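Q: predicted model and sequence follow; I will ask about them next.
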Amino acid sequence: MWEHIAFVFLAFCHEAYASHGFDFGDALALIIGMAAVVVGVCACLGCYARKRAAGLDAL
């Protein structure tokens, strides 16, 4: 599992070095922002799943 996460992180870092329109700081901020969005979406899906599971327990 950690190997996959490390691979994705290194792939994004490679994109940060390869970008010509941004400097490294801008690209790194973009990568961190994308990670925050993914964590936020997963958190919202988890909240939705818990609410749905609580509703099913009431039946």
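A: Structure's in. What do you need?
Q: packing partners of the least confident helix or strand in the chain by mean pLDDT?
A: Sorting the helices and strands of the chain by mean pLDDT, DSSP states H and E puts helix 2-18 at the bottom, at a mean of 72. Applying 3 or more Cβ pairs under 8 Å, 6 or more residues apart in numbering; DSSP states H and E, one finds that helix 2-18 makes contact with helix 24-57. The way it works is simple: take the backbone N, C-alpha and C, and place the C-beta from them, glycine included.
Q: pLDDT weak spots in the protein?
A: 15-22, 55-59 (pLDDT under 70).
Q: just the CA atoms of the least confident helix or strand of the chain, as CSV, please.
A: Extracted C-alpha coordinates of helix 2-18, given in CSV (Å, rounded to 0.1, in the frame of the first residue of the first chain):
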residue,chain,number,x,y,z
TRP,A,2,2.7,2.5,1.0
GLU,A,3,4.6,1.6,-2.2
HIS,A,4,1.6,2.8,-4.3
ILE,A,5,1.3,6.0,-2.3
ALA,A,6,5.0,6.7,-2.7
PHE,A,7,4.8,6.0,-6.4
VAL,A,8,1.9,8.5,-6.8
PHE,A,9,3.8,11.1,-4.8
LEU,A,10,6.9,10.7,-6.8
ALA,A,11,4.9,10.8,-10.1
PHE,A,12,3.4,14.1,-9.0
CYS,A,13,6.8,15.4,-8.0
HIS,A,14,8.0,14.5,-11.4
GLU,A,15,5.2,16.5,-12.9
ALA,A,16,6.2,19.4,-10.7
TYR,A,17,9.7,19.4,-12.1
ALA,A,18,8.4,19.0,-15.7
